[in-house]
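Asker: structure of the sequence below:
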Amino acid sequence: MASVASLPTETVTGTQLATIVRSMQQQKQARVVFRTRHGVIRKTFAECYDDACGLAAAFQRLGLKEGGIVAIYGSTSYEWLLADLACVLNGAVSLALYPNALLPRVVSIALEMKAALVLTDQPDSVGKFIAAGFNTVLLSSEIKDGVASTGSLLRESLACGSNWQPSCASAEPFTIVSTSGTLSEPKFFAVASYPLMYTMDRFKQIFELCPDDSLLLAMPLAHLPQRMLLYGVIKHGIDLSLSSPTTFLRDVLEFQPTIHVVVPRMLQYVDERLTKAMSNGKGAWIRLALPLLKVFPWLAYQLLGARIFGPRARCIFVGSAATPREVLERLQAIGCPIYEVYGTTELGILALSTPRFKRIGSVGKIVDWGEASIEPDTGEVLFRTDLPFLAGLVVNGRIELDETLRGKFARTGDIGSLDAEGYLTLQGRVRDFVALLSGKKIFVRPIEDRLSAIHGVAHCVALGDGQKHLSAVLFAHPDVAFNSPDERLAHFRKTISEINQELGPEERIRRFLVVDEQPSIENRCLTETLKLRRHAVNEKYAKDYQRYETV
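Answerer: The predicted structure follows:
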């Protein structure tokens, strides 16, 4: 069993999260920057702390008790940040819900968790929450249809003139989050702050983060790594910028962050945008000069990458899913300072690339606060740490501490390999195996990668559990047009046939289905973090093979 071991020997005792939040009142240099419909707002951490105290006081007036659960359902915003800070100051527990999660599911989760309070930035959802019996507040500055907002609650606190200060320690665990749901339905669990803060302290050390840096967050704050970085920069007095996918490019150029957190889909979008810009018009000269620019990556970055990530960017962290190798190669060739981070929601960060240890094709070296092994029979990555993110399970509205992952090897669900230098390379997921009727298990991830690269294909999922042969569902690329459906089918059939010639007999795709409907959260084919759900695609499209085309 291959392994790399270096568990921390010291006892890890984290600073209370409430203490970190309270330190904001002394921080008058670091700022929170965000955009509203009235323009860009800049607040010092001290001013942000005062707002958080005002909202925390309002939560108490609404009946929130220590240990109570507060559901937060919205996109990244200053109001979302204040709500989370107010939970910490009240000793309450935040229930972080993705803004793109379907409303019926969100209501069901809030009921299951017995949430005492619900905050949402979606006015159309208010009626559903109220009908379900929740005390509901809008994550906005204004009252709407008589429903209180975070802004109106802050104004009430200001009118009361009370100088509210927290009287209790932060709850530990302090938040409830969900798994991604790629292997099954998402599962919710509780997270304590000290593993996050320990990890963030190591990030600060490894990447030499300092008060001159600035972090931009554009993905939902329900995404746990976002909040790990958020509380890390609060602790270390680093500027914080709040953005969104729709304002990302505008905010980058105006706020000029040095640190980004992205997912592979964002990098793929950037890569497509740059490729398109260099293929015609004024950008064509850059494509011709690219071989020379690669010799001077700093110049290439100022000409190309800086238009996307800003002129000051020095750390672009990407994780949550696999990034196509060719995308990383192209972006790193023009100087984009991209660092892959690999982990699971339950276990935390397992491996990362760093300025010293960086290798395209690998997700980096195993972190020195954990130990990794590769299971010989399956190739599954196993990991153990004294600092797993999972700290408890929610049972009947109460958090029950759970230490089953602490200090024990746990399965990650990923297939990978470790080399002698400690670099981890991932090949795919355990569920990327398809068991044919013959009993042969086919690792389909490389096959899917080949099929996804076909012109006109956006995504591909190979199916065939219990069948004689493999089949494939091809999600048609919405931006690629053909003269007719017959032309498209002929193109796909011919290309699949060519790929089959390079595969073993049992690896060949014998049937395929072209689907114009894109995978989405609504049709359950994407997770809330925008990853394909193989089991859902299988359930939806493997029922009627008579619709499939033969190769």
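Asker: and residue 163, how many neighbours?
Answerer: 9 (other C-beta atoms under 10 Å). Bear in mind the C-beta positions are built from the backbone N, C-alpha and C, glycine included.
Asker: same question but for residue 368, I mixed them up
Answerer: Residue 368 is flanked by 14 other residues according to other C-beta under 10 Å.
Asker: what of residue 80?
Answerer: Neighbours around residue 80, by other C-beta under 10 Å: 24.
Asker: just the pLDDT for it.
Answerer: Predicted confidence (pLDDT) for residue 80: 97.
Asker: does it sit in a helix, a strand or a coil?
Answerer: Three-state call for residue 80 (DSSP: H, G, I helix; E, B strand; the rest coil): helix.
Asker: identify the residues contacting it.
Answerer: Residue 80 makes contacts with 72, 74, 119, 121, 139, 221, as judged by C-beta atoms under 8 Å, 6 or more residues apart in numbering.
Asker: residue contacts, residue 343?
Answerer: Applying C-beta under 8 Å, 6+ apart to residue 343 gives the contacts 225, 319, 349-351.
Asker: next step: those residues restricted to strands.
Answerer: 349-351 (DSSP state E).
Asker: secondary structure element for residue 42?
Answerer: Taking DSSP states H and E as the criterion, residue 42 maps to strand 39-44.
Asker: buried residues in that strand?
Answerer: 43-44 (16 or more other C-beta atoms under 10 Å).
Asker: how far away is the spatially closest residue to residue 274 that is not a sequence neighbour from residue 330?
Answerer: Nearest non-adjacent residue to residue 274, counting by C-beta to C-beta, 6 or more residues apart in numbering: residue 304, 5.9 Å away. Noted for residue 304: a distance of 10 Å to residue 330, by C-beta to C-beta, to the nearest Å.
Asker: list the beta-bridge partners for residue 340.
Answerer: Beta-bridge partners recorded for residue 340 (DSSP bridges): residue 318.
Asker: what sits against it?
Answerer: By C-beta under 8 Å, 6+ apart, the neighbours of residue 340 are 318-319, 323, 328, 352-353, 362-364.
Asker: lowest pLDDT pick from these?
Answerer: On pLDDT alone, residue 323 ranks lowest of the contacts of residue 340, at 82.
Asker: next up, the contacts around it.
Answerer: With C-beta under 8 Å, 6+ apart, residue 323 has these contacts: 264, 267-268, 340.
Asker: what segments of the stretch 251-400 of the chain are helices?
Answerer: Assigned by DSSP state H, counting those that start in this stretch, the helices in the stretch 251-400 of the chain fall at 264-279, 284-293, 297-300, 306-309, 325-333.
Asker: I should have written the stretch 1-150 of the chain there, sorry.
Answerer: 17-22, 45-61, 78-90, 103-112, 123-131, 150-160.
Asker: now the contacts of residue 340 as JSON lines including distance to residue 398?
Answerer: Below are these laid out as JSON lines (distance: C-beta to C-beta, whole Å):
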{"residue": "318", "distance to residue 398": "36"}
{"residue": "319", "distance to residue 398": "31"}
{"residue": "323", "distance to residue 398": "39"}
{"residue": "328", "distance to residue 398": "44"}
{"residue": "352", "distance to residue 398": "34"}
{"residue": "353", "distance to residue 398": "40"}
{"residue": "362", "distance to residue 398": "42"}
{"residue": "363", "distance to residue 398": "36"}
{"residue": "364", "distance to residue 398": "38"}
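Asker: which of those sits closest to residue 128?
Answerer: The shortest gap between residue 128 and any of the contacts of residue 340 belongs to residue 319, at 32.7 Å (C-beta to C-beta).
Asker: what two of the contacts of residue 323 are the furthest from one another?
Answerer: Maximum pairwise distance among the contacts of residue 323 (C-beta to C-beta): 14.2 Å, between 268 and 340.
Asker: hang on, residue 370 packs against residue 350?
Answerer: Yes - contact criterion C-beta atoms under 8 Å: residue 370 and residue 350 qualify, at 6.3 Å.
Asker: and for those two, which residues touch both?
Answerer: residue 383.
Asker: if I look at residue 304 and residue 330, which residues touch both of them?
Answerer: Common neighbours of residue 304 and residue 330, counting by C-beta under 8 Å, 6+ apart, are residue 274.
Asker: more neighbours, these two?
Answerer: Taking neighbours as other C-beta under 10 Å, residue 304 and residue 330 compare with residue 304 leading, 23 against 17.
Asker: and the pLDDT at the residue nearest to residue 274?
Answerer: Residue 304 carries a pLDDT value of 73.
Asker: same check, this time on residue 288
Answerer: For residue 288, pLDDT reads 55.
Asker: which other helices and strands does the strand holding residue 42 contact?
Answerer: Secondary-structure packing of strand 39-44 (3 or more C-beta pairs under 8 Å, 6 or more residues apart in numbering; DSSP states H and E): strand 31-36.
Asker: which residues does the strand it packs on contact?
Answerer: Residues lying outside strand 31-36 but in contact with it, judged by C-beta under 8 Å, 6+ apart, are 40-45, 48, 77-78, 81, 141, 239-243, 247, 250-251, 255.
Asker: quick check: buried residues in stretch 86-104?
Answerer: Neighbour-count burial for stretch 86-104 [16+ other C-beta under 10 Å]: 86-101.
Asker: and of these, the nearest to residue 470?
Answerer: For these, the minimum distance to residue 470 (C-beta to C-beta) is 31.5 Å, reached by residue 100.
Asker: what about the closest residue in space to that closest one that isn't next to it in sequence, distance to residue 496?
Answerer: Nearest residue to residue 100, sequence neighbours excluded (C-beta to C-beta, 6+ apart): residue 521, at 5.3 Å. From residue 521 over to residue 496 the distance is 29 Å, taken as C-beta to C-beta.
Asker: quick one: low-confidence ranges for the stretch 151-300 of the chain?
Answerer: Along the stretch 151-300 of the chain, the model assigns pLDDT under 70 to residues 162, 168, 180-186, 277-300.
Asker: and if we set it to 90?
Answerer: 157-173, 178-188, 223, 245-246, 249, 262-300 (pLDDT under 90).
Asker: which residues are in contact with stretch 479-492?
Answerer: 454-457, 474, 476, 512, 514, 549.
Asker: could you redo the last one with a cut-off of 7 Å?
Answerer: 454-456, 474, 512, 514, 549 (C-beta atoms under 7 Å, 6 or more residues apart in numbering).
Asker: try stretch 37-54
Answerer: If you take C-beta under 7 Å, 6+ apart as the criterion, stretch 37-54 is touched by 24-25, 27-28, 30-34, 82, 85-86, 89, 154, 157-158, 164-165, 234, 254.
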